[in-house]
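[1] Provided below are the primary sequence and the corresponding predicted coordinates.
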Amino acid sequence: MKALLVQPALPLDRKHGRDFIQRWFRPAPVTLPTVAAATPPDVEVEIVDDAFEDIDYDAPVDLVGITGSTPFVPRVNEISRKFRERGVTTVIGGIYGTLYSDLAEPHADAVVVGDAEDTWPMLVEDFRRGELKPRYQSGQPPMTGFRTPRRDLLNRKGYSIPDSFQFQRGCIWSCDFCSIRRQYGREVRSQPIEEVVADVETISDSRAPVAILWDDNLINNLPWAKSLFTALAPYQLRWIGQSTVTIANNPELLRLAAASGCRGLFLGVESVTQDSLKETHKAMNRVDRFKEQIQKIHDQGIAVQAGMVFGFDHDDRSCFERTVEFACQVNIDSIAFSILTPYPGMALHRELDEQGRIFDRDLGNYDSNHVVFHPKLMSAEELQDGYHWAMREFFGFRSIARRARGMASRHLSIPTNLAYYWASRWKFPVGKNPAGNDEQACPSHEALAS
């Protein structure tokens, strides 16, 4: 028996998937290597990444598993349809299968809701007996006793960061626009530290420059996080991960993270307007503390990539310019800009839908790059324009040069900025500042110092 696991890609990523610079935006996934590890040992498994590898719809496979989050729904359906037309059995999982199982069921022979470790082995055995069920619901088992993800099945040449891990699932926070709690439940599950060490030892001979930890929030549990960082330190593993900015409030934890090999953190900063943070229940974030917190992180040699969201009800036409200016003032190394996206099933979606503000229901556009609702203090066109303008402004050559001196972990930060420069020029349209100010929003380092 042979199973094929497919990582789908968005149209724009397929278009640029084989471009060298595009690899910088493509760290290796952990989901499908995890599914492959949960597959019975006597089943042959192959993983294909739709972003840079061709899907062979005529391949001699018995079972196809497809993962994907909200914007991937149309592509997942297309891939599943093409295999089913040949009579190949398909399964949909991931966020699509978990959050939109009713929507997924007509497009596959089976749907996996939740984790794969306790569902996928059962599904495979049912398939072999000819007793496949339409839906498999995970019991969200403790993260212990799992097999090591099959990273060996990935085409490492396609990823800037080929080694990826997930030691924890869930988040203690409940931000208004985030789907993590719906995906994993309210309880945070962590892998025993001894199993973390065993996993890390499998790549001890890796020559990759950095690894990625896909945990949604590494500091959910402070004692566990300290144990994790302490356990990682002897392996000299350079890594990037995700946290809240409050890691800076705990000097011991921050020092341990740096000593363990942390070189970059993605932080959900979200907004430079306190009312917007309150609106989205981001209670742990304080705008008046960002500069101090980011400096403390920089002092440990850790770069900061901030998640910044445009489109909250307190965002007006000036939010784009203010965000870029603020990011330069506090020395943020890079930014993942996004447009507020009301994912179906979330409280934000229900609220906007009840107000008649959602005008686009094509899930393919729910990718954080497209406006799908009417903002409160500007037009949808202005929100879209401002998003594109901010990308080009912050990642322009002049801005990168002016910010370079204040960057931490420059060997990581500067290539990341140059990759975003390429993306802002080649992947996205030209925008304009809705505030109408044509002056550069990112002042020189000397001006900031004064």
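    In hand now; what should we look at? Treat the numbers as computed from the prediction; the structure is a model and nothing was measured. Numbering: from 1, shown residues only.

[2] where exactly do the strands run in the stretch 151-300 of the chain?
    Using DSSP state E, counting those that start in this stretch, the strands found in the stretch 151-300 of the chain span residues 164-165, 168-169, 189-190, 211-213, 239-243, 262-270.

[3] Kindly provide the distance from the closest residue to residue 403 other than its chain neighbours to residue 258.
    In space, and not counting its chain neighbours, residue 403 is closest to residue 328: 6.2 Å by C-beta to C-beta, 6 or more residues apart in numbering. Glycine gets a C-beta too; all of them are placed from N, C-alpha and C. According to C-beta to C-beta, to the nearest Å, residue 328 and residue 258 sit 24 Å apart.

[4] what about the two, which has more around it?
    Under the criterion of other C-beta atoms under 10 Å, the comparison of residue 328 against residue 258 puts residue 328 first, with 23 against 17.

[5] Let me know whether that one touches residue 402 as I believe.
    Yes - assessed by C-beta atoms under 8 Å, residue 328 is found in contact with residue 402 at 7.3 Å.

[6] Now the strand or helix carrying the residue nearest to residue 403: buried residues?
    Using DSSP states H and E, the element containing residue 328 is helix 319-329. Residues of helix 319-329 classed as buried under the neighbour-count rule (16 or more other C-beta atoms under 10 Å) are 319-329.

[7] which of these lies closest to residue 151?
    Using C-beta to C-beta, residue 327 is the member of the buried residues of helix 319-329 that lies nearest residue 151, at 34.0 Å.

[8] ok, that closest one touching residue 308?
    Yes - the pair residue 327 / residue 308 is scored as a contact, 7.4 Å apart, by C-beta under 8 Å.

[9] which ones are touching the closest residue to residue 345 other than its chain neighbours?
    Using C-beta to C-beta, 6+ apart and skipping the chain neighbours, the partner closest in space to residue 345 is residue 99 (5.6 Å). Taking C-beta atoms under 8 Å, 6 or more residues apart in numbering, we find residue 99 in contact with 70, 179, 182-183, 343-345.

[10] and those residues, which are buried?
    70, 179, 183, 343-344.

[11] Could you work out the most separated pair of these?
    Based on C-beta to C-beta, the longest span within the buried ones among the contacts of residue 99 runs between 183 and 344 and measures 13.3 Å.

[12] picking that back up, farthest-apart pair in the contacts of residue 99, please.
    Maximum pairwise distance in the contacts of residue 99, criterion C-beta to C-beta, is 13.3 Å, between 183 and 344.

[13] If we only consider the buried residues of helix 319-329, which is nearest to residue 24?
    Distance to residue 24, by C-beta to C-beta, is smallest for residue 327 among those, at 19.7 Å.

[14] what about the closest residue to that closest one other than its chain neighbours, which SS state?
    Using C-beta to C-beta, 6+ apart and skipping the chain neighbours, the partner closest in space to residue 327 is residue 335 (5.9 Å). Put simply, residue 335 is strand when judged by DSSP: H, G, I helix; E, B strand; the rest coil.

[15] any idea how far residue 335 lies from residue 382?
    19 Å.

[16] Confirm residue 403 sits in a helix?
    Yes - when three-state DSSP is applied, residue 403 is found to be in a helix.

[17] quick check: angle from the helix holding residue 328 to strand 262-270?
    Going by axes from the mean of the first three to the mean of the last three C-alpha atoms, to 10 degrees, helix 319-329 is angled at 150 degrees with respect to strand 262-270.

[18] what is the rounded mean pLDDT of helix 319-329?
    For helix 319-329, the mean per-residue pLDDT is 96.

[19] what does stretch 198-218 give?
    On average, the pLDDT along stretch 198-218 is 86.

[20] contacting residues around that stretch?
    Stretch 198-218 is contacted by residues 27-28, 30, 148-149, 151, 156, 161-173, 180, 184, 191, 225, 228, 232, 235, 237-244, 247, 257, 263-264, 412 when judged by C-beta under 8 Å, 6+ apart.

[21] Pull out the buried members of those residues.
    Listed as buried from the contacts of stretch 198-218 are 27-28, 30, 148-149, 151, 161-171, 173, 180, 184, 191, 225, 228, 232, 235, 237-244, 247, 257, 263-264, 412; burial here means 16+ other C-beta under 10 Å.

[22] taking these one by one, which sit in helices?
    Of the buried ones among the contacts of stretch 198-218, the ones assigned to helices by DSSP state H are 180, 184, 225, 228, 232, 257, 412.

[23] so who does the nearest residue in space to the fifth one that is not next to it in sequence touch?
    This means residue 232. Nearest non-adjacent residue to residue 232, counting by C-beta to C-beta, 6+ apart: residue 260, 4.0 Å away. Contact analysis of residue 260 by C-beta under 8 Å, 6+ apart lists 228-233, 237, 239.

[24] quick one on the thing from earlier: and the contacts of the helix holding residue 328?
    For helix 319-329, contacts defined as C-beta under 8 Å, 6+ apart pick out 271-273, 290-291, 306, 308, 310, 335, 386-387, 389-390, 393-394, 399, 402-403, 433-435, 437, 441-443, 448.

[25] Now, of those, which are buried?
    271-273, 290, 306, 308, 310, 335, 386-387, 389-390, 393-394, 399, 402-403, 433-435, 441-443, 448.

[26] helices and strands around the helix or strand containing residue 418, which ones?
    Assessed by DSSP H and E, residue 418 sits inside helix 410-426. Using 3 or more C-beta pairs under 8 Å, 6 or more residues apart in numbering; DSSP states H and E, the elements in contact with helix 410-426 are strand 262-270, strand 303-310, strand 334-339, helix 380-394, helix 397-404.

[27] May I see these arranged in a markdown table, with distance to residue 88 as well?
    A markdown table is the format used below for the helices and strands packed on helix 410-426 (distance: least, C-beta to C-beta, whole Å):
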| stretch | distance to residue 88 |
| --- | --- |
| strand 262-270 | 37 |
| strand 303-310 | 38 |
| strand 334-339 | 35 |
| helix 380-394 | 39 |
| helix 397-404 | 47 |
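
[28] and those, which one is worst for confidence?
    Across the helices and strands packed on helix 410-426, helix 397-404 has the smallest mean pLDDT, namely a mean of 91.

[29] same for it, what does it pack against?
    Using 3+ C-beta pairs under 8 Å, 6+ apart, the elements in contact with helix 397-404 are helix 319-329, helix 410-426.

[30] hmm, 7 Å instead?
    For helix 397-404, the packing partners by 3 or more C-beta pairs under 7 Å, 6 or more residues apart in numbering; DSSP states H and E come out as helix 410-426.

[31] Pull up the distance across stretch 133-152, start to finish.
    Distance across stretch 133-152, first residue to last, is 30 Å (C-alpha to C-alpha, to the nearest Å).
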